[in-house]
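> just coords:
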């Protein structure tokens, strides 16, 4: 099973008697459904429902939690959590001594000395991936190979695929990967996300991208008939991810119009594990 050290990730710990209650009231993830041995995606939102921070959350085995986030935003994330802390009986801090790695392409978690290995719940069968946390991790794989696997699995991440503050949870499929608890109580931004979910108004979605030649750079605009429908995110050779308006994609497919990025013709597909579909009504409405 290949593995890669993720030097751009940092762990934040949240511990204390009220850790679960504190996090349950502010994050999108339903912690009642978070099992030992797994890492689930989640987000801290703005009151308007946009993603401020994305992460993987897991239990630490002693009543506390780990939040696996991008190093680039870890300090800001920690400060934001501290703002919500108020009088809650929790301790929040970075685990500076812990490394983060990913392993993939296996149906079981291999053992790693002095490390914690958790199933990455974002990946759906037949794909399988694991998160590894420890003070010393021996990685056998290449980070680019990990990102290629992530792309093939339809798993989007901030920084690579979207900007923080610019996407709703539905846009990046958190509603499909267990990153949003629709049966839990209130959390920051819950009203907007719940309304979008129950009314079925999500129109921007992550799709799989493929081409006959190498894809252009991330961020390249995707167009159909001269009209913007989204932008490329992560790219690995001829494969990539994109957040696009699925109503406009459907219109282009129905009309037989070529979808392209920097004049490279693209094929777009919904990840096989996803439950959403292209809109059935013809004619996309303006955003």
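Good, I have the coordinates. Everything quoted here is computed from the prediction, not taken from an experiment.
> contacts, neighbours, all on C-alpha from now
Fine.
> ok so residue 103 is a strand residue?
Yes: counting by DSSP: H, G, I helix; E, B strand; the rest coil, residue 103 is part of a strand.
> rounded mean pLDDT for stretch 236-255, please.
For stretch 236-255, mean pLDDT is 97.
> hey, where'd the helices end up in the stretch 51-200 of the chain?
Secondary structure of the stretch 51-200 of the chain (DSSP state H, counting those that start in this stretch): helices located at 71-85, 143-152, 190-199.
> in the first one, what counts as buried?
So that's helix 71-85. For helix 71-85, burial by neighbour count (16 or more other Cα atoms under 10 Å) applies to 71, 73, 74, 77, 78, 81, 85.
> tell me which of the helices of the stretch 51-200 of the chain sits nearest to residue 163.
Residue 163 lies closest to helix 71-85 among the helices of the stretch 51-200 of the chain, at 11.6 Å (Cα to Cα).
> what's next to the closest one, contact-wise?
Residues from elsewhere that reach helix 71-85, judged by Cα atoms under 8 Å, 6 or more residues apart in numbering: 8, 9, 10, 12, 22, 53, 92, 93, 94.
> now the buried members of the residues you listed.
Using 16+ other Cα under 10 Å as the burial test, those include 9, 10, 12, 22, 53, 92, 93, 94 as buried.
> from residue 38, how far off is residue 88?
As judged by Cα to Cα, to the nearest Å, residue 88 and residue 38 stand 26 Å apart.
> between these two, which one's more packed in?
Between residue 88 and residue 38, residue 38 has the larger neighbour count (other Cα atoms under 10 Å), namely 17 against 14.
> ranges for the strands of the stretch 151-287 of the chain?
According to DSSP state E, counting those that start in this stretch, the stretch 151-287 of the chain carries its strands in the segments 204-210, 221-224, 227-236, 239-245, 259-261, 264-265, 267-269.
> most tightly packed of these?
Of all these, strand 239-245 has the most neighbours on average by mean count of other Cα atoms under 10 Å, namely a mean of 25.
> outside of that strand, which residues touch it?
148, 151-152, 154, 156, 161-162, 171-172, 203-211, 214-215, 229-235.
> thanks again, I'm all set now.
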